[in-house]
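> the amino acid sequence is not available; the structure is as follows:
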């Protein structure tokens, strides 16, 4: 198996989302996917992360803005 490691950047935002979409994360229940957005910055206090779809929607923006690195 070949593994490549890249620094997370705005160009890799789709790869970041694909990881959570396709990798059994935690218990494998779609609704429990975190996309690692909930506690990555102080901005989480003003966001609604109550569903996986909402977390998924904000993740690319957080990657592009450098909030998730």
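Received, thanks. What you see is a predicted model, and the numbers here were worked out from it, not measured in a lab.
> mind jotting down where the strands sit in the chain?
Read by DSSP state E, the chain holds no strands at all.
> OK, contacts around the residue nearest to the spatial centre of it?
By CA atoms, centre = their mean, the chain has its centre lying nearest to residue 35, at 3.0 Å. By CB atoms under 8 Å, 6 or more residues apart in numbering, the contact set of residue 35 is 17, 20, 52, 55-56, 58-59. C-betas here are computed from N, CA, C, even on glycine.
> what does residue 49 give?
Here residue 49 is in contact with 37-38, 55, 58 (CB under 8 Å, 6+ apart).
> just put those in CSV and tack on pLDDT, neighbour count and distance to residue 13.
As requested, those are exported to CSV (pLDDT from 0 to 100; neighbours: other CB atoms under 10 Å; distance: CB to CB, whole Å):
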residue, pLDDT, neighbour count, distance to residue 13
37, 86, 24, 12
38, 80, 12, 18
55, 91, 21, 14
58, 92, 19, 11
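> poorly predicted segments of this protein, please.
25-28, 43-44 (pLDDT under 70).
> can you tell me how far the nearest residue to residue 30 once chain neighbours are set aside sits from residue 11?
Setting aside the residues directly before and after it, residue 30 is nearest to residue 52 in space (CB to CB, 6 or more residues apart in numbering), at 5.8 Å. Relative to residue 11, residue 52 is positioned 24 Å away (CB to CB, to the nearest Å).
> so those two - more neighbours on which side?
residue 52 (18 against 11; other CB atoms under 10 Å).
> report the contact partners of the more buried one.
30-33, 35.
> what residues sit buried inside the lengthiest helix in the chain?
Taking DSSP state H as the criterion, the chain has its longest helix at helix 52-64. Applying a neighbour-count criterion of 16 or more other CB atoms under 10 Å, the buried positions in helix 52-64 are 52, 55-56, 58-60, 62-63.
> nearest to residue 1, of the residues you listed?
residue 63 (25.2 Å; CB to CB).
> I am finished for the moment; much appreciated.
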